[in-house]
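**Student:** just coords:
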Ligand SMILES: O=P(O)(O)OC[C@H]1O[C@](O)(CO)[C@@H](O)[C@@H]1O
């Protein structure tokens with residue numbers, strides 16, 4: 001495995017980055033009237049404009065060379081063909097197979113998984129339709145009006161982000177709720193207004209060992225059986241989605257209510273599998289299929305388009321350019337479409353759980369900056385909260401701006417105001433305003449020179465802050481499927497170039513193990529003296545205060 005720092009393109013990028021740090025995007029735009037054409041890509045439902053990055057044609061050409069030297073195209077084929085590229089877990093990575101319209105045969109451990117996928121899709125269709133038409137009945141013969149999805153991380157964020165985004169496409173035949181937090185407040189609040197006779201629970205857990213999910217599921221089961229006085233009611237009110245059928249059965253879920261997922265689907269890439277059942281229930285199976293179709297379009301684009309015109313590849317290269325070579329440390333996700341209000345939370349898991357690692361495939365320490373921390377919120381709300389930092393802090397935060405040409409719920413006069421802000425913000429972040437201009441503007445407003453001297457330095461915006469604009473035609477199941485798949489493949493490409501195993505998540509295990517030990521101490525009013533002094537005193541304080549409340 002060739003260390004990345006020894007690649008010719010890597011070395012040239014290091015030198016090139018030092019030169020580019022002294023450039024301003026304003027000058028690059030002034031020099032080149034075709035900059036937008038050179039640095040934008042149009043897909044059927046999404047336009048990517050990446051011209052507002054600190055790049056030249058040379059930057060892109062070196063970055064493409066880097067992708068080639070890292071054999072991104074070969075790795076991409078290995079993924080699509082089902083090779084075990086998740087090396088630390090010895091697993092294939094095949095979320096793309098879940099949305100492959102052609103249902104081509106793909107073999108994992110000698111088994112054609114496309115047949116399993118088809119069967120599961122057929123079951124999702126039939127169960128979601130039964131529930132939506134009122135044919136699935138609860139223990140007292142009443143129809144299901146409310147579905148509660150219990151799951152966390154990848155077993156929650158994907159379905160919740162999508163059903164929130166596509167609410168407009170729901171006919172409201174069923175109310176959908178999500179419980180992810182083990183804080184009892186959440187499940188108590190969700191269940192409080194519901195009638196057990198009308199509620200169906202989906203227990204979503206790939207491993208079926210996640211403490212938070214299992215505890216919430218147990219509470220749900222107690223709530224149901226307390227009302228039904230009958231264990232047989234469980235079969236009418238509980239569905240499980242899991243790769244661990246044995247545990248789901250042991251838990252008490254009826255065999256016919258268990259939906260299988262497979263070890264070749266990573267939790268954070270699983271919304272296309274039966275983990276997406278809540279999507280089909282709330283929006284209808286045909287909309288779930290459109291979501292898959294939108295993702296499939298991007299799978300084909302990613303697999304077939306030359307690297308220079310390949311949206312996920314370009315986004316990955318820009319992230320590497322901004323973080324590894326220009327040393328930005330975080331990346332903002334700023335949707336301007338209300339529908340996408342959960343997108344940054346979703347991408348936080350997708351990107352940070354995938355690539356937030358510090359050793360390479362061989363387990364050697366990586367000694368160059370890799371991926372940024374991902375954060376964000378709805379752009380308009382952010383403007384009145386944290387954009388001050390984006391515009392004027394010393395830290396450069398590259399940002400993805402995501403908006404739609406047409407609103408799915410047009411309210412007269414609103415969309416233009418929203419989108420005017422969308423366009424203005426990337427312009428302001430790029431252009432900035434220098435002191436000379438600030439002074440001239442203040443003078444034109446009739447301000448006295450004493451005031452101008454005092455205020456002018458505070459009003460300077462350096463600009464030169466990189467942004468990508470992803471402009472969607474309109475939010476729909478199809479375009480949302482495409483958007484999510486773009487980010488999934490971007491994450492993959494980053495992992496390949498940075499030599500990070502993007503499909504494991506060992507970093508979540510240590511905390512889980514320690515929580516188990518501490519939970520034992522909390523339940524038994526003990527404090528283990530082997531704890532460090534901070535943790536020891538915190539637990540002791542917890543017991544003392546608890547004993548008095
Ligand atoms: O679906 P499961 O197995 O309950 O896991 C939920 C989430 O927990 C994690 O394992 C992290 O703890 C994620 O990777 C996963 O999406």
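**Tutor:** Received it, and whenever you're ready, just let me know what you need. All of these numbers come straight from a predicted model, not from anything done at the bench.
**Student:** Around the ligand, pick out the residues from the stretch 101-250 of the chain.
**Tutor:** 152-155, 205-207, 210, 213 (CB under 6 Å from any ligand atom). C-beta coordinates here come from the backbone N, C-alpha and C atoms, glycine included.
**Student:** hmm, 5 Å instead?
**Tutor:** Applying CB under 5 Å from any ligand atom, we find that the stretch 101-250 of the chain lies next to the ligand at 153-155, 205-207, 210, 213.
**Student:** would you turn the residues you listed into CSV with neighbour count and secondary structure?
**Tutor:** Compiled in CSV, those are given as follows (neighbours: other CB atoms under 10 Å; DSSP: H, G, I helix; E, B strand; the rest coil):
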residue, neighbour count, secondary structure
153, 21, helix
154, 24, helix
155, 29, helix
205, 29, coil
206, 24, coil
207, 14, coil
210, 20, coil
213, 25, helix
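**Student:** Hmm, residue 69 and residue 8 touching each other?
**Tutor:** Yes: applying CB atoms under 8 Å, one finds residue 8 in contact with residue 69, separated by 7.1 Å.
**Student:** Which one's more surrounded, the two?
**Tutor:** residue 69 (15 against 11; other CB atoms under 10 Å).
**Student:** show me what contacts the closest residue to the more buried one other than its chain neighbours?
**Tutor:** Among residues not flanking residue 69 along the chain, residue 7 sits closest, at 4.7 Å (CB to CB, 6 or more residues apart in numbering). When the contact criterion is CB atoms under 8 Å, 6 or more residues apart in numbering, the partners of residue 7 are 66, 69-70.
**Student:** 10 Å instead?
**Tutor:** Contacts for residue 7 (CB atoms under 10 Å, 6 or more residues apart in numbering) come out as 13, 65-66, 68-70, 497.
**Student:** Highest neighbour count among the residues you listed?
**Tutor:** Neighbour counts for those, by other CB under 10 Å, peak at residue 497, which reaches 26 neighbours.
**Student:** Now name the helix or strand holding the residue nearest the centre of the chain.
**Tutor:** In the chain, the centroid-proximal residue (CA atoms, centre = their mean) is residue 347; its distance is 2.2 Å. Assessed by DSSP states H and E, residue 347 sits inside helix 343-347.
**Student:** Do any residues in that helix lie close to the ligand?
**Tutor:** No: on the criterion CB under 5 Å from any ligand atom, helix 343-347 is out of touch with the ligand, staying 11.4 Å away.
**Student:** Equivalent analysis for stretch 508-524, please.
**Tutor:** Yes: legend: contact between stretch 508-524 and the ligand by CB under 5 Å from any ligand atom is shown at residue 508.
**Student:** List the buried residues for that stretch?
**Tutor:** For stretch 508-524, a neighbour-count test (16 or more other CB atoms under 10 Å) marks 518, 521 as buried.
**Student:** Summarise which helices and strands the helix holding residue 347 is packed against.
**Tutor:** helix 157-165, strand 330-335, strand 373-376, strand 399-406, helix 477-498 (3 or more CB pairs under 10 Å, 6 or more residues apart in numbering; DSSP states H and E).
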